[in-house]
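Engineer: model this:
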Amino acid sequence: MRRREFINLIGGLAATWPLAGQAQQPTLPVVGFVNIASAKDMRHNSSAFLRGLSEAGYVDGRNVVVEFHWAEGRIDRLPAVMADLVHRQVAVIAATSTEVTIAAKAANTTIPIVFETASDPVRLGLVAQLNRPGGNVTGITSVNVEIAPKRLQLLHELVPTASVIAVLVNPANPRLAETNIKQFQTAARALGLELHVLNASTERDFDGVFAKLIQLRAGGLIIGPDSFFTGRSEQLAALSVRHAVPAIYHNRSFAAAGGLLSYGAETADAYRLTGIYVGRVLKGEKPADLPVQQATKVELYINLKTAKALGITIPNTLIGRADEVFE
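Structural biologist: This next block holds a predicted model:
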């Protein structure tokens, strides 16, 4: 072989080496993280999810790609998001809210789904049973529905003279609303309280809700756990302060924004556990064999400034139990 031909041959092979190296780069698995709320509202929880994923050995951008999809409170957006994820055959769908989980299951029976929900997954038809879910779905539940009666008890403890209490639910999420109503009705009967159910599925409904509270002369308001309300917890807190209504919800931002009390599951812990489960699925474990876990950490937040404005005395024993007090 002539020297020039040899140089040209070596040069040609060298030119192909980067392309060959690129072709051999493994394609990273894609996790579709879908939530009914907004990125701003769920920033703390999405970080907890990534932390759990890293505990399982996966780091976004290094050995996995996490795509975040936010429905901004629009349930009608979910079918299109799910159709796209199924069409692209992502590795796992992280369905981090009840509405998203229902939409994910309706859209797909093969791609693994790991959910985070405050509802009963068996009652919702998401899994056959908790210890052996079966199918392509498993995940994490929090105790928000189970401790719903405790919210009524706490409110009754702080406003013992109130005989009329209202509960706010979202009729656009009927299965969750019905579950909460039953829980609160049972608790109200046990305490001898008159319970009224109020509905809101849009922000336009809120003014009517608080007008109805005044009309009923309700002594307090329980806001049922729902993703729609979570995304508007600061707005609801502001309305409760403006109308001088003792109110309780399940997430911290409500009390931080002026709501009287927040009592509920530590959602960040549930999201962290969801991330761990997604990592286990990425490693090859089957959702059918992964039992549904329950996040059991509960948090209490108290706004003493609001309590003082409402003329409510918070017992020192309750203050001592609080995870955080706002003054």
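Engineer: my guess is Ser163 contacts Arg217. True?
Structural biologist: No. No contact is recorded between Ser163 and Arg217 when judged using Cβ atoms under 8 Å, the distance being 9.2 Å. In this view, the C-beta of every residue, glycine as well, is placed from N, C-alpha and C.
Engineer: comparing those two, which residue is more hemmed in?
Structural biologist: More crowded of Ser163 and Arg217, by other Cβ atoms under 10 Å: Ser163, with 14 against 9.
Engineer: which residues touch the residue positioned nearest the centre of the chain?
Structural biologist: Taking Cα atoms, centre = their mean, the centroid of the chain lies closest to Ser97, which sits 4.6 Å from it. For Ser97, the set of contacting residues under the criterion of Cβ atoms under 8 Å, 6 or more residues apart in numbering consists of Asn35, Ile36, Ala37, Glu116, Thr117, Ser227.
Engineer: which two among those residues are spaced furthest apart?
Structural biologist: Taking Cβ to Cβ as the measure, the contacts of Ser97 span a maximum distance of 13.6 Å, between Ala37 and Thr117.
Engineer: how about the helices in the stretch 201-327 of the chain?
Structural biologist: Taking DSSP state H, counting those that start in this stretch as the criterion, the stretch 201-327 of the chain carries its helices at 205-216, 227-230, 233-242, 252-256, 267-282, 304-310, 316-321.
Engineer: of all those helices, which one is nearest Ala172?
Structural biologist: The closest of those to Ala172 is helix 227-230. By Cβ to Cβ, the value is 7.1 Å.
Engineer: retrieve the pLDDT associated with the nearest residue to the residue nearest to the centre of the chain once chain neighbours are set aside.
Structural biologist: For Ser97, ignoring the flanking residues on the chain, the nearest one in space by Cβ to Cβ, 6 or more residues apart in numbering is Ile36 at 4.3 Å. The predicted local distance difference test score for Ile36 is 88.
Engineer: what's around Ile36, how many residues?
Structural biologist: Using other Cβ under 10 Å as the criterion, Ile36 is surrounded by 28 other residues.
Engineer: list the contacts of it.
Structural biologist: Contacts of Ile36 (Cβ under 8 Å, 6+ apart): Ala71, Gly73, Ile75, Leu78, Ser97, Glu99, Val100, Ser227, Phe228, Gly231.
Engineer: if we can go back for a sec, tell me which of the contacts of Ser97 fall in strands.
Structural biologist: Where the contacts of Ser97 overlap with strands, as defined by DSSP state E, the overlap consists of Asn35, Glu116, Thr117.
Engineer: the second one is in contact with Ala268, isn't it?
Structural biologist: No. With the criterion set as Cβ under 8 Å, Glu116 and Ala268 do not qualify as a contacting pair; they are 10.7 Å apart.
Engineer: pretty sure Ala56 sits against Arg280.
Structural biologist: Yes. Applying Cβ under 8 Å as the test, Ala56 and Arg280 come out as touching, 6.0 Å apart.
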